[in-house]
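Colleague: sequence-free structure coming up:
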């Protein structure tokens, strides 16, 4: 079992953090301030297993960092964490660079020839960024069996094979089967999964159901 | 049976045109010049059923226009066709705005807050643009049964319900089942399907198999 930092106190952070604790890991939920109410509520749900801290404290605690912040705040959160606390560590980047300023559904603040995953990797070159899980609603991230008997696709992008293997292990512990985890390649492939979001949003809009995913068939 | 214009003499135009002829439609393949060698070869394959012309001649002939040009040349092709020949007609837009100038895999020349489908609709407001089939390899467009028993998803975007219904009818004649045709909404939803291309390209890169599609599961 690992010590894991979860950055972000929203629904995604709460869902990922809760699953990690259920699996026996120790979790510190990080946010801007020590007294974030949502982080404290999370820790109170899991007394003895979850704690609360600043981004810097959580990063120092974690062997792995889950980035569950809003995409627009991810770089700043990692800067607040401090390079000495994040260097050499795996950052599991679940965030999407959604831009709500140009109307609904949101567009992306970076896309096409760049991605948030790459931006994080470039800004913090000593970390090991692994982009995954950003293509689905958080409830499915930790419970793929909720739909189609768990048989649907998830993607993984990152520069380092060993870091991707470690994250694949976590995905499997979440219930993802090996055959449904597709390694797309290096971190530039995060452009693909982030740019899928606009289609995701419109499928959601058309079906009014967020508990869906895509399955690659061939 | 209909008279249909197919713009574009590449693999997509040839595949779509051949299927339309197999289904009993009359096809005129349009290109910049009357003497395009690939268009002539196509017409020679289907003597009596297929003809060749300029974009303007093909558009004047067709009750429906399939845009199978490269995305970067679609607007110009439609301008060459002339508004009097395309107005009030359905343009089935299969093209993607792929930009090969910034390295491989290609990026998109328009995306995020705009799309090629919208650009065509805006440039030619009297036409009825229906975006569809742009998310898969052309072999699958006209033969969905090739994989997974035909059970996978195709999207449709456009402002006018009657035009989308007509195109849905064509999709069904290609072998798509009603349950797998998802109407995403108006033409702005083409942003979603066009922005899926970068993920498509990376799935193709990772699996080395272009004969795949996604199936929405929920």
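Modeller: Received, thanks. Computed from a predicted model, the values in this text were never measured in an experiment.
Colleague: going forward, measure contacts and count neighbours with C-alpha atoms only.
Modeller: Will do.
Colleague: against which helices or strands is the top helix by length along chain A packed?
Modeller: Using DSSP state H to define each element, chain A has its longest helix at helix A:161-174. When contacts are defined as 3 or more CA pairs under 8 Å, 6 or more residues apart in numbering or on different chains; DSSP states H and E, helix A:161-174 packs onto strand A:128-132, strand A:154-158.
Colleague: of all these, which lies closest to chain B?
Modeller: Proximity to chain B (CA to the nearest CA) singles out strand A:154-158 among the helices and strands packed on helix A:161-174, at 9.1 Å.
Colleague: is any residue of that closest one near chain B?
Modeller: No - using CA under 8 Å from any CA of the partner chain, strand A:154-158 stays clear of chain B, coming no nearer than 9.1 Å.
Colleague: and residue A:106, how many neighbours does it have?
Modeller: The number of residues packed around residue A:106, counting by other CA atoms under 10 Å in any protein chain shown, is 17.
Colleague: rewinding a little: what sits up against the longest helix of chain A?
Modeller: Under the contact criterion CA atoms under 8 Å, 6 or more residues apart in numbering or on different chains, helix A:161-174 has outside partners A:19, A:23, A:90, A:92, A:128, A:130, A:141-144, A:156-158, A:178, A:181.
Colleague: now that helix: buried residues?
Modeller: By 16 or more other CA atoms under 10 Å in any protein chain shown, the buried positions in helix A:161-174 come out as A:163, A:164, A:167, A:168, A:171, A:174.
Colleague: looking at the residues you listed, which is nearest residue A:149?
Modeller: Among the buried residues of helix A:161-174, residue A:174 lies closest to residue A:149 (CA to CA), at 13.7 Å.
Colleague: does residue A:94 touch residue A:65 like I think?
Modeller: No - using CA atoms under 8 Å, residue A:94 is not in contact with residue A:65, being 10.6 Å away.
Colleague: for the residue nearest the centre of chain A, list the residues it contacts.
Modeller: Nearest to the mean C-alpha position of chain A, by CA atoms, centre = their mean, lies residue A:94 at 2.2 Å. Shown in contact with residue A:94 (CA under 8 Å, 6+ apart): A:66, A:67, A:68, A:131, A:132, A:133, A:134.
Colleague: I figured the third one hits residue A:91, correct?
Modeller: No - the pair residue A:68 and residue A:91 does not pass the contact test of CA under 8 Å, sitting 10.2 Å apart.
Colleague: what would the helices and strands packed on helix A:161-174 look like in a markdown table with mean pLDDT?
Modeller: Formatted as a markdown table, the entries for the helices and strands packed on helix A:161-174 read as follows, by pLDDT from 0 to 100:
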| stretch | mean pLDDT |
| --- | --- |
| strand A:128-132 | 99 |
| strand A:154-158 | 99 |
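Colleague: just the ones you listed: most buried one?
Modeller: Most buried of these by mean neighbour count (mean count of other CA atoms under 10 Å in any protein chain shown) is strand A:128-132; its value is a mean of 29.
Colleague: show me what that one is in contact with.
Modeller: Contacts made with strand A:128-132 from outside it, assessed by CA under 8 Å, 6+ apart, are listed as A:88-94, A:117, A:120-121, A:154-160, A:163-164, A:167, A:187, A:190.
Colleague: flag every residue of chain A that's near chain B.
Modeller: Proximity of chain A to chain B is confined to A:102, A:107-108, A:111-113, A:147-148, A:152, A:182-185, A:189, A:191-193, A:195-203, A:205-206, A:211-218 under the rule CA under 8 Å from any CA.
Colleague: buried ones among those?
Modeller: Neighbour-count burial (16+ other CA under 10 Å) is assigned, among those, to A:107-108, A:111-112, A:152, A:182-185, A:189, A:191-193, A:195-203, A:211-217.
Colleague: those residues in helices, which ones?
Modeller: Counting by DSSP H, the part of these found in helices is A:191, A:192, A:193, A:195, A:197, A:198, A:199, A:200, A:201, A:202, A:203.
Colleague: so the fourth one is in contact with residue B:195, correct?
Modeller: Yes - look at residue A:195 against residue B:195 with CA under 8 Å: they come within range, at 5.6 Å.
Colleague: that older thread, what is the most widely separated pair among the ones in helices among the buried ones among the residues of chain A next to chain B?
Modeller: Comparing every pair within these by CA to CA identifies A:191 and A:203 as the most remote, at 19.2 Å.
Colleague: could you list the low-pLDDT ranges of chain A?
Modeller: Across chain A, no stretch falls below the confidence threshold (pLDDT under 70).
Colleague: return the member of the buried residues of helix A:161-174 nearest to residue A:33.
Modeller: Closest to residue A:33 out of the buried residues of helix A:161-174 is residue A:167 (27.7 Å), distances taken as CA to CA.
Colleague: and residue A:124, what is it in contact with?
Modeller: Counted by CA under 8 Å, 6+ apart, residue A:124 has contacts A:83, A:87.
Colleague: so how far is chain B from it?
Modeller: Using CA to the nearest CA, to the nearest Å, one gets 24 Å for the distance from residue A:124 to chain B.
Colleague: sweet, I'm off.
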